[in-house]
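> What shape does this take:
(chains A and B)
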Amino acid sequence: MTSNISASGLSYEQALGNYHLQGEFPAHDLDIDKDDLLKQFHPDHRSETITTLQVGPNKGARCHAQLAQILQADSRIDAADLAGARIKETDVLVIGGGGAGCAAALTAVEAGAKVILATKLRLGDSNTIMAEGGIQASIEKEDSLQAHYLDTWKAGHKTGEKALIKQLVMEGPETIRWLIQQGMQFDLNQFGDLLTRKAGGTSGNRVVYFRDYTGLEMMRVLREAVQNSDVEVWDYSPAVELLSNESGHCAGAIVSSLEESRYVQIKASSVIIATGGIGRLHLNDFPTSNHFGATGDGLVLAYRLGARLRDLDSFQYHPTGVAYPQHLSGTLITEGLRSSGAYIINAQGKRFVNELQPRDVVAAAIIRECREGRGVQGDNGMQGVWLDTAGLEARNPGILQQRFPKLVQLGLKSNIDIKKIPMLIYPTLHYQNGGVVIDKNGLSSVSGLYCVGEVSGGIHGKNRLMGNALLEIISFGRKAGATAVKERQSRGHKQICIDHISNLRRELMQNNMPMKCKAPVLFPNYTKYDVSDEDDPHHSRIFDL
Amino acid sequence: MNTVHKNNVLLHPNSQGNNLNNWLNSYGGSGLEKALDAPEQIIELLKGAGLRGLGGSGFPAWKKWQFVAEQAANPDKYLICNGNEDEPGTFKDAYLLAHSPNQVIEGALISAVANGTNRIVFYINPEQKKSLESIRNAVEQWQNSELFQRVADYLGRPLSFRVMASSGHYIGGEETAAIESVEGKFPFPRGKPPYPAVSGVHGCPTLINNVETLSNIPHILRNGVQWFKDLGKGESSGTKIYCLSGDVFYPGVYELPMGIPLSELIFTHGGGMLLEKKLKAVFTGGASSTILTPKDLDVPLDFDSVRERGSSLGTGAMIVVSEGTGIVKRVTEYVNFYAHSSCGQCPPCKTGTFYISQLLNRIDTGQASNNDLDTLINLCKILPGSGRCHLLDGAINIVDSSLSHFVDEYKSSLKY
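This is a model prediction of the structure:
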């Protein structure tokens, strides 16, 4: 990970000596030219990592080179692989078992549709459970939908899709209500009202939360709801290709059943992709806070079928990922900590940024400190800056144990008493801001193909606010589920095919693109689920566990 | 989509666009003028030119015209321009309607002059939204044109155009089903006789022509019989629009001389096989799809030559399949399509297509026994001809054809 950092900083001990457990830090000198900072230090602005797409609906668009590689890769399957493949029929096929997928599946099944939810690992293995800080909804008296709208739009550098943002913020309160009805718990005050706090880049208290594992609690509830519903859950069944009918309407998917080691065709009236982001591609060699399965499969599948994408050069690096100890590197530390008043401090013991700026600004500022020699040099070559957990505890005794139990647990795992010593942090690859272009119902530019959650783009523009992702997955997930059901066809599709694979191969060959690379990736290359082994086209290695 | 070929007539740049003035200024309208000058010679001309029905039947177009021309109007005569096109791998009519509707409309007006078909219905697949929009636009322009008025005056009966979205069912493309549909009913095929030429829409004599057939007519009238004959290769006349799809490098719509060899279509125009795989089979599209194999690469693509190889040129759709593709799977997909498309009117077809598709699915997924294969072969013998229309025969044709070429592949898919 050293490639991210040029100048060497101060040693851990030296920096710890510079750190003084103070009550307050002066807040002056924190005004900075944000645009300049982002341009110089944010990883999205490294021109050498950006390329231009040469095939597909976004031909000519800017794209991160590592993402471009998988968007312009050959399919994993051939027509021959489908001979003898089992065929299963359903109304709605949901791909992805995170929060968005579950919300969509639940809504569709409640509307009377037959629903299959196919997920790469197990139901709930997702980035939803990694979400810690909370979920945004404008529910406070002094807050307003307009303020939520403006905050979201501004944080996204005014590039978000206004109609989508409008729908997102308007659905906020109703989404919280639905979650409570499903049985989700939130932190409450002594009167039983929802507690709220401020997130980086927001103008008021708007984030509702449960401890520092809001997403885990959400997933617990959704998973139980799905398991108690009529949704048919297919674990260990990553989708490897979509199907389409005679008029290009998405008509299902081919999933690779890891347990049976064979392909299965699922025919459906409509498909909802909720596969999440691409953190596990480790763009720019960054560590990631993302779940194991976040390899951008949904983007690849949708792009091949002709869905337009957007903002493919924009990713969110969460400012506070663990930098030390190394085995936890990339693990997320919640923004809730900064919301509650924790400072970020460099190796010289000084604050250098207003911690409640949007995430991209704070991340860029941390990278600046490290690159300019004011970072803390860990013994593993990793650099970082302090997140002042100890200062927060000193000012608010007991807050860590009560509000951030997961963080305290993380401290124990790291052998660091975070109540006394600050944590070493560095930005971690966190979120894919762009994705598949969708409308208010989550429908992509391909009929019958819906995309919800991180795989979709447009809501957050080029930067996302804390808490908006959890809101998005539930509100858009439910919308997509409800809309997808309406496409149920009484007589099914006339013909189903994978002709788009031939089209892809033609385009790749015509543009002299390499045919060796295969996508979707399915699993990062350092896992035992390596299905990319050329000598072993069918994934039998899984059984060598 | 394609480069201009010297044989391009229907796809010639001058034929493109739905602006009537552009069409009249390039060379449009002159065929209709000639028709109005000598109405009695039109059918003779078509007979001389040897124009065949290009919607799949290959039935001589002039014969159909003559039947209708001989009938008395009762009180009207109908022309249905059949653009229901829904066969797997066929997309030429949609292309013609979307890009060059004027020649279709002029062909229809020539029919009005020759046969007295004063009620003209453009019957279009509703899923082809571009085609519908394009022809609606063009028809509007024609209705206000001087030529339209001249045809109406000549007929002395009310002349009308109607652009109608069909039901979108595959079976709606069958002639008598189209008639039912035009009458506002579900497209159930009718029994024959009476033939449409005698009693079709509302009991009136009705002529049904495919979009591509009608498109050729203005060109034949304008340029003459010899010109049309010279376009074709060998005994064949004119051009054919081939829909090339599947595992070739350049799939697409190709207008080429009727009677070019299959190899020329695939390897010269189609750019050869995708990923340089070996050719395994070609599914010809249309009501009676069948299979051509690599040994048929030399077959001239015209109705009679392809029929001699036990196959059918059909609509001109050529779905190219490379080694590595399961024939049983492909055939299963076809038969699923037919089972899905059966209107359910005739029990042998309703249950037959369903049962064959079940058998094929079992064979394809490795669940079938030898008995299942025998049953399939038996059904192929007893079912043909037992439906009102040819849908069932179409389903049997493809199974039969694949069994004759690839029976080993069927056998190796059996479980026991």
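> When you work out contacts or count neighbours from here on, use the C-alpha atoms and nothing else.
Noted.
> Excluding chain neighbours, what is closest to B:Tyr410?
Nearest residue to B:Tyr410, sequence neighbours excluded (C-alpha to C-alpha, 6 or more residues apart in numbering or on different chains): B:Val328, at 6.5 Å.
> May I have the secondary structure class of the residue lying closest to B:Glu175 once chain neighbours are set aside?
Spatial nearest neighbour of B:Glu175, chain neighbours left out: B:Ile208 (6.6 Å); criterion: C-alpha to C-alpha, 6+ apart. Assigned with DSSP: H, G, I helix; E, B strand; the rest coil, B:Ile208 falls in the strand class.
> With B:Thr375 instead?
Secondary structure, three-state DSSP: B:Thr375 is helix.
> Check what pLDDT it gets.
With respect to pLDDT, B:Thr375 scores 96.
> Over to A:Asp536?
A:Asp536 is assigned a predicted lDDT (pLDDT) of 43.
> quick one, what contacts residue 208?
Let's take chain A. Each residue near A:Val208 by C-alpha atoms under 8 Å, 6 or more residues apart in numbering or on different chains is listed here: A:Gly134, A:Ile135, A:Gln136, A:Ala137, A:Phe186, A:Asp187, A:Leu194, A:Leu195, A:Thr196, A:Arg197.
> wrong chain, I was asking about chain B
The contact partners of B:Ile208, by C-alpha under 8 Å, 6+ apart, come to B:Leu79, B:Ile80, B:Cys81, B:Asn82, B:Glu175.
> how about a cut-off of 10 Å?
The contact partners of B:Ile208, taken as C-alpha atoms under 10 Å, 6 or more residues apart in numbering or on different chains, are B:53, B:64-65, B:68, B:78-82, B:121, B:123, B:174-176, B:178-179, B:196-197, B:200, B:214.
> ok, now A:Ala85?
If you count contacts by C-alpha under 10 Å, 6+ apart, A:Ala85 has them with A:Ile254, A:Arg262, A:Tyr263, A:Val264, A:Gln265, A:Ile266, B:Lys329, B:Asp364, B:Thr365, B:Gly366.
> Looking at those residues, state which has the most neighbours.
B:Asp364 (27 neighbours; other C-alpha atoms under 10 Å in any protein chain shown).
> got the buried residues for the helix or strand containing A:Gln146?
Assigned by DSSP states H and E, A:Gln146 belongs to helix A:145-155. By neighbour count on 16 or more other C-alpha atoms under 10 Å in any protein chain shown, the buried set for helix A:145-155 is A:Leu145, A:Ala147, A:His148, A:Tyr149, A:Leu150, A:Asp151, A:Thr152, A:Trp153, A:Lys154, A:Ala155.
> Ok, stretch A:223-238 next?
By 16+ other C-alpha under 10 Å, the buried positions in stretch A:223-238 come out as A:Arg223, A:Ala225, A:Val226, A:Asp230, A:Val231, A:Glu232, A:Val233, A:Trp234, A:Asp235, A:Tyr236, A:Ser237, A:Pro238.
> Just the ones in helices from these, please.
Secondary structure from DSSP state H places A:Arg223, A:Ala225, A:Val226 of these in helices.
> who touches the nearest residue to the first one once chain neighbours are set aside in this structure?
The one in question is A:Arg223. Of all residues not flanking A:Arg223 in the chain, A:Gly124 sits nearest, at 6.4 Å (C-alpha to C-alpha, 6+ apart). A:Gly124 is in contact with A:96-99, A:101-102, A:216, A:218-220, A:222-224, counting by C-alpha under 10 Å, 6+ apart.
> Show the pLDDT at the residue in chain B that chain A sits nearest to.
With C-alpha to the nearest C-alpha as the measure, B:Thr365 is the residue of chain B nearest to chain A, at 3.9 Å. B:Thr365 carries a pLDDT score of 88 in this model.
> I figured it hits B:Gly326, correct?
No. With contacts counted by C-alpha atoms under 10 Å, B:Thr365 stays clear of B:Gly326, the gap being 11.2 Å.
> care to break the chain down by domain?
Let's take chain A. Chain A resolves into domains spanning A:2-31+A:317-429, A:87-314+A:433-485 when parsed by automatic domain parsing.
> I was after chain B.
What automatic domain parsing lists as the domains of chain B is B:13-230, B:236-322, B:327-412.
> Spell out which residues of the stretch 151-300 of chain B are next to chain A.
The stretch 151-300 of chain B has residues B:His169, B:Tyr170, B:Ser245, B:Gly246, B:Asp247, B:Val248, B:Phe249, B:Tyr250, B:Pro251, B:Leu274, B:Leu275 near chain A, with proximity defined as C-alpha under 10 Å from any C-alpha of the partner chain.
> Among those, name the buried ones.
Buried by 16+ other C-alpha under 10 Å: B:His169, B:Tyr170, B:Ser245, B:Gly246, B:Asp247, B:Val248, B:Phe249, B:Tyr250, B:Pro251, B:Leu274, out of those.
> sorry, back to before: okay, and which of the contacts of A:Val208 map to strands?
Judged by DSSP state E, strands contain the following of the contacts of A:Val208: A:Ile135, A:Gln136, A:Thr196, A:Arg197.
> Go through these and give me the one with the most neighbours.
Most neighbours among these, by other C-alpha under 10 Å: A:Gln136, with 31 neighbours.
> quick revisit: out of the buried residues of stretch A:223-238, which comes closest to chain B?
Using C-alpha to the nearest C-alpha, A:Ser237 is the member of the buried residues of stretch A:223-238 that lies nearest chain B, at 19.1 Å.
> Correct me if wrong: the closest one contacts A:Ser256.
Yes. Between A:Ser237 and A:Ser256 there is a contact under C-alpha under 10 Å: 5.3 Å.
> Quick check: neighbours shared by those two?
Common contacts of A:Ser237 and A:Ser256 (C-alpha under 10 Å, 6+ apart): A:Ala118, A:Lys120, A:Arg262, A:Tyr263, A:Val264.
> tell me the pLDDT at the first one?
Among the per-residue scores, A:Ala118 holds a pLDDT of 98.
> which helix is the longest one in the chain?
Going with chain A. Determined from DSSP H, the single longest helix within chain A is helix A:162-182.
> Chain B is the one I meant
What stands out as the longest helix in chain B, according to DSSP H, is helix B:391-412.
> How far does that helix sit from its chain's centre?
Relative to its parent chain, helix B:391-412 has a centroid offset of 22 Å by C-alpha atoms, centre = their mean, to the nearest Å.
> Can you list the buried residues in that helix?
Going by 16+ other C-alpha under 10 Å, helix B:391-412 has these buried residues: B:391-403, B:410-411.
> Also stretch B:224-233?
Buried residues in stretch B:224-233 (16+ other C-alpha under 10 Å): B:Gly224, B:Val225, B:Phe228, B:Lys229, B:Asp230, B:Leu231, B:Gly232, B:Lys233.
> Helices - which of those land there?
Using DSSP H, B:Val225, B:Phe228, B:Lys229, B:Asp230, B:Leu231 are the members of those that sit in helices.
> Relative to A:Arg478, which of the residues you listed is nearest.
B:Leu231 (59.5 Å; C-alpha to C-alpha).
> Just the pLDDT for the residue nearest to the closest one when sequence neighbours are not counted.
Closest residue in space to B:Leu231, ignoring its immediate chain neighbours: B:Gly238 at 4.7 Å, by C-alpha to C-alpha, 6+ apart. Reported pLDDT at B:Gly238 in the predicted model: 94.
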